[in-house]
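one predicted model, sequence on top.
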Amino acid sequence: MTQAGSTRRLQLSELEELCNDAYESSCIYKDRTKAFHDKHIVQKSFVPNQRVWLFNSKLRLFPGKLRSRWDGPFVVVSVAPHGAIEIMNPQNGKTFKINGQRLKPSVDGLTDGQLIESLDLVDVDYDYASNGLP
């Protein structure tokens, strides 16, 4: 009976050692994952009256190939030190606060719907009949 008791205590200590090893490895994994995530976060800085684009996260439900995931442009009203940014929609004047990671700066000089470059994809010199195409 004493030999069975000592064997059982040995098994319990081994089990506790395995649990401690698993806990340590999970802590190491979490630290590495956090470091990887933090390394890929881009620090963005915005100033009041700056034009920005807002990421549309609801577009995932009905994605379109050529549909833009960015809404806007919006105007920055105020910037909080912890990353919250208050923006205003210039079309209707409504303001709301969002996380600064959902914004990207707008390039000034381009207006909505402005045509930048046009390219005609039809080759007029190509002879379709001689190549067996209708």
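On my side now, so go ahead.

what mean pLDDT does the longest strand belonging to the chain have?
Ranked by number of residues, the top strand in the chain under DSSP state E is strand 70-79. Computed over strand 70-79, the mean pLDDT rounds to 91.

give me the contacts around that strand.
By CB atoms under 8 Å, 6 or more residues apart in numbering, the list of residues contacting strand 70-79 from outside reads 46-56, 85-90, 95, 100, 104, 106, 112. (Glycine included, C-beta is placed from N, CA and C.)

pull the CA atoms of it into CSV?
Taking C-alpha atoms only, strand 70-79 is exported to CSV below (Å, rounded to 0.1, in the frame of the first residue of the first chain):
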residue,chain,number,x,y,z
TRP,A,70,-13.3,52.9,-48.5
ASP,A,71,-16.0,55.5,-47.9
GLY,A,72,-15.6,59.2,-47.9
PRO,A,73,-13.8,61.5,-48.0
PHE,A,74,-14.5,62.7,-44.4
VAL,A,75,-13.0,65.6,-42.5
VAL,A,76,-11.2,65.1,-39.2
VAL,A,77,-12.8,67.3,-36.5
SER,A,78,-10.7,66.3,-33.4
VAL,A,79,-8.1,63.7,-32.4
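
just the contacts of strand 70-79: which are in strands?
Residues of the contacts of strand 70-79 located in strands (DSSP E): 51-55, 85-88, 95, 104.

now those residues in CSV, please, with extra columns for neighbour count and pLDDT.
CSV is the format used below for the ones in strands among the contacts of strand 70-79 (neighbours: other CB atoms under 10 Å; pLDDT from 0 to 100):
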residue, neighbour count, pLDDT
51, 16, 94
52, 21, 94
53, 18, 93
54, 19, 92
55, 15, 90
85, 24, 94
86, 15, 95
87, 26, 95
88, 16, 95
95, 12, 94
104, 16, 91
